[in-house]
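*Asks:* this one's sequence-less:
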């Protein structure tokens, strides 16, 4: 646990983000959107903020990447990875054949598509997994998809556990802060860059800088730069700390060859 | 227009996909999910299917990429790009100060975040922009976000036009088919590949094959391979047709150096 006073997280209570934030501490404050979590940290209302950044099945969380790139100057202080097990949550005593409609966050619905199709239940989107659980209370024709905590919170039961389509379902969360984490010896660094549109092979040349220095990329994601189709920001994670001499040199060389570079910070590998 | 009998599209009527499909022809059949559109083509119920593949602001449509990669063996026959203008749709006579809640597809909500915040309206997700319009009929405290067609279809009015946060908002749709498109002299080719996890510089080496042949990439997207965090499929579009000698050679070299390669076809540039 980090020795701190307060941590904001993407609420409401009972979401997977709540589960991840619980690993850090107990003084947790829910905020209703991802930008609101980041803003609470930027304004020093809270010291750390926990938001999801990518799921191994559904991919990146666009609003987190966009907020880090365009809206806030926050550091990634830590990463947390937790396995995602989705459950069919129902009112006590309810059976599978009673269920006509199922509610959840769109990512959870997408993760359980085969289960939903097989059981011929009508899917509906909700703002969060916890919100879906809250909204089905008292209606036996409705179910929600979410975690054990959401079921407990609203006096509901888990009718079927682990209903996600594929294993290897895990979500990576980032803890954002105004402070950088000190080096631990086993760190990762996150950067965002965009390449010059008019120079062919732009991405190839940047990847070459890592290659010739024998630095492994642990992640590469493209996101629209919001300047038109085919124009991207690249989110890259790699091994090493920004205080390392070799990483400093790499970042200098990248800066000379990109249109935009933002260093999101170095943090211990989870 | 393509001279054909039937085209499936991601419905319901009044969505942006409906608008894109209308460019191809008039015999249009709505299906309620992206995989259902593709399945109708795979089963020869319809000859072409129209689905969104990426938006310039919100990024890729995950379910389209995943369905092309994992579920269907369809060709991309054509691409269609249309500008996305979002409008605040209300019941006739309704004013901005009456509106408490706004409904739309999650991507449309994300595209109009600043407008929603500025006017202190509570956002709610709906299954589609057209569905949102349908659901607000008769309730003056509710608005929807969508296109002009959706407003017309349900006897609603546009209270404010072009409420999206940023310009450059356009969506690329693909027309899928069992048939390949013949070369036109100005074509693009779409492929999906995954690299060997245990070989460093995998992506760098693949991009180098394009670089040394002077072939421009027009798109590069990473998607989770669903095998765990940090393992990706890459969706790449580039100039040229699979019948070109140079493109054949490039694809052979990529095949030798990747774990998985799927050619989604060549189609005329929009």
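*Replies:* Received the coordinates, thanks. Quick caveat, the model's predicted, so the values are computed rather than measured.

*Asks:* CA only for contacts and neighbour counts going forward, please
*Replies:* Noted.

*Asks:* contacting residues around stretch A:43-54?
*Replies:* A:4-10, A:17, A:20-21, A:34, A:37-38, A:40-41, A:60-62, A:64-65, A:171-178 (Cα atoms under 8 Å, 6 or more residues apart in numbering or on different chains).

*Asks:* now it: mean pLDDT?
*Replies:* Per-residue pLDDT over stretch A:43-54 has a mean of 95.

*Asks:* equivalent analysis for stretch A:65-81, please.
*Replies:* On average, the pLDDT along stretch A:65-81 is 94.

*Asks:* just stretch A:109-125 next, same as before
*Replies:* Mean predicted lDDT for stretch A:109-125 stands at 88.

*Asks:* so which of the contacts of stretch A:43-54 reach chain B?
*Replies:* residue A:62 (Cα under 8 Å from any Cα of the partner chain).

*Asks:* what about residue A:15, distance to residue A:102?
*Replies:* Distance, residue A:15 to residue A:102, using Cα to Cα, to the nearest Å: 17 Å.

*Asks:* so for the two, which sits in the more crowded spot?
*Replies:* Taking other Cα atoms under 10 Å in any protein chain shown, residue A:15 and residue A:102 do not tie; residue A:102 has more neighbours (24 against 21).

*Asks:* who are the packing partners of the helix or strand harbouring the more buried one?
*Replies:* Using DSSP states H and E, residue A:102 falls within strand A:101-104. Strand A:101-104 sits against strand A:122-125, helix A:129-136, strand A:142-146, with contacts defined as 3 or more Cα pairs under 8 Å, 6 or more residues apart in numbering or on different chains; DSSP states H and E.

*Asks:* write out the residues of chain A neighbouring chain B.
*Replies:* By Cα under 8 Å from any Cα, the part of chain A that sits against chain B consists of A:55-59, A:62, A:124-127, A:166, A:168-170, A:200-201, A:204, A:207-208, A:211, A:216, A:218-230.

*Asks:* filter these down to the ones in helices?
*Replies:* Taking DSSP state H as the definition of helices, the residues of chain A next to chain B contribute A:62, A:204, A:207-208, A:211.

*Asks:* out of these, which is most surrounded?
*Replies:* residue A:207 (20 neighbours).

*Asks:* pretty sure it sits against residue B:202.
*Replies:* No - under the criterion of Cα atoms under 8 Å, residue A:207 is not in contact with residue B:202, lying 10.0 Å apart.

*Asks:* hey, what's in contact with both of those two?
*Replies:* With Cα under 8 Å, 6+ apart as the test, residue A:207 and residue B:202 reach no residue in common.

*Asks:* about what we covered before: min pLDDT across the ones in helices among the residues of chain A next to chain B, which one?
*Replies:* residue A:62 (85).

*Asks:* tell me the contacts of the nearest residue to it once chain neighbours are set aside?
*Replies:* Once flanking residues are discounted, residue A:62 sits nearest to residue B:58: 7.0 Å by Cα to Cα, 6 or more residues apart in numbering or on different chains. Residues in contact with residue B:58 (Cα under 8 Å, 6+ apart) are A:62, A:224, A:226, B:107, B:110-111.

*Asks:* before we move on, what about residue A:267?
*Replies:* With Cα under 8 Å, 6+ apart, residue A:267 has these contacts: A:76-79, A:180-183, A:187-189, A:241.

*Asks:* switch to 7 Å and redo it
*Replies:* Taking Cα atoms under 7 Å, 6 or more residues apart in numbering or on different chains, we find residue A:267 in contact with A:76-78, A:181, A:187-189.

*Asks:* related to what we said a few turns ago, ok, the strand holding residue A:102: who's next to it in the sheet?
*Replies:* Here strand A:101-104 has these sheet partners by DSSP bridges: strand A:122-125 (parallel), strand A:142-146 (parallel).

*Asks:* what's the spacing between that strand and its chain's center?
*Replies:* Taking Cα atoms, centre = their mean, to the nearest Å, one finds strand A:101-104 lying 22 Å from the centre of the chain it belongs to.

*Asks:* next: stretch A:102-110.
*Replies:* When distances are taken as Cα atoms, centre = their mean, stretch A:102-110 is centred 16 Å away from the chain's centroid.

*Asks:* strands along the stretch 1-150 of chain A, start to end?
*Replies:* A:7-10, A:28-31, A:48-55, A:59-60, A:75-83, A:87-90, A:101-104, A:122-125, A:142-146 (DSSP state E, counting those that start in this stretch).

*Asks:* which residues does the first one contact?
*Replies:* In other words, strand A:7-10. By Cα under 7 Å, 6+ apart, the residues outside strand A:7-10 that reach it are A:17-18, A:21, A:27-34, A:37, A:46-51.

*Asks:* ditto for the fifth one
*Replies:* Identification of contacts with strand A:75-83 by Cα under 7 Å, 6+ apart yields A:20, A:169-181, A:264-268, A:270.

*Asks:* now with 8 Å, please.
*Replies:* The contact list for strand A:75-83, computed with Cα under 8 Å, 6+ apart, reads A:20, A:168-181, A:190, A:264-270.

*Asks:* need the distance between the two termini of stretch A:103-120.
*Replies:* Stretch A:103-120: ends 14 Å apart by Cα to Cα.

*Asks:* how about it, which residues are buried there?
*Replies:* Neighbour-count burial for stretch A:103-120, counted by 16 or more other Cα atoms under 10 Å in any protein chain shown, picks out A:103-112, A:116.

*Asks:* can you put the residues you listed in a markdown table and add distance to residue A:259?
*Replies:* Output for the buried residues of stretch A:103-120, formatted as a markdown table (distance: Cα to Cα, whole Å):
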| residue | distance to residue A:259 |
| --- | --- |
| A:103 | 43 |
| A:104 | 40 |
| A:105 | 36 |
| A:106 | 34 |
| A:107 | 33 |
| A:108 | 36 |
| A:109 | 38 |
| A:110 | 36 |
| A:111 | 36 |
| A:112 | 40 |
| A:116 | 45 |
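
*Asks:* looking at these, which are in helices?
*Replies:* A:106-111, A:116.

*Asks:* ok, back up a step: which ChimeraX command selects the buried ones in the residues of chain A next to chain B?
*Replies:* The buried residues among the residues of chain A next to chain B can be selected in ChimeraX (16+ other Cα under 10 Å) with this line:
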select /A:55,56,57,58,59,62,124,125,126,127,168,169,170,201,204,207,208,211,216,219,220,221,222,223,224,225,226,228,229,230
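
*Asks:* who are the packing partners of the lengthiest helix in chain A?
*Replies:* Secondary structure assigned by DSSP H gives helix A:245-257 as the longest helix of chain A. Helix A:245-257 sits against helix A:202-212, with contacts defined as 3+ Cα pairs under 8 Å, 6+ apart.

*Asks:* now do the helix it packs on: which elements does it pack against?
*Replies:* Counting contacts by 3+ Cα pairs under 8 Å, 6+ apart, helix A:202-212 is packed against helix A:245-257, helix B:202-212.

*Asks:* and of those helices, who's closest to residue B:135?
*Replies:* helix B:202-212 (46.0 Å; Cα to Cα).

*Asks:* any idea of the angle the closest one forms with helix A:202-212?
*Replies:* 130 degrees (axes from the mean of the first three to the mean of the last three Cα atoms, to 10 degrees).

*Asks:* quick one: contacts of helix B:202-212?
*Replies:* Residues outside helix B:202-212 that contact it (Cα under 8 Å, 6+ apart) are A:200-201, A:204, A:207-208, A:211, B:195-196, B:216-217, B:250, B:253-254, B:257.

*Asks:* again, but for stretch A:31-38
*Replies:* A:8-12, A:30, A:49-51, A:63-64, A:67, A:72, A:74, A:176.

*Asks:* need the helices and strands packed on strand A:101-104 in JSON lines with distance to residue B:140, can you?
*Replies:* Listed next are the helices and strands packed on strand A:101-104 as JSON lines, based on distance: least, Cα to Cα, whole Å:
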{"stretch": "strand A:122-125", "distance to residue B:140": "23"}
{"stretch": "helix A:129-136", "distance to residue B:140": "23"}
{"stretch": "strand A:142-146", "distance to residue B:140": "28"}
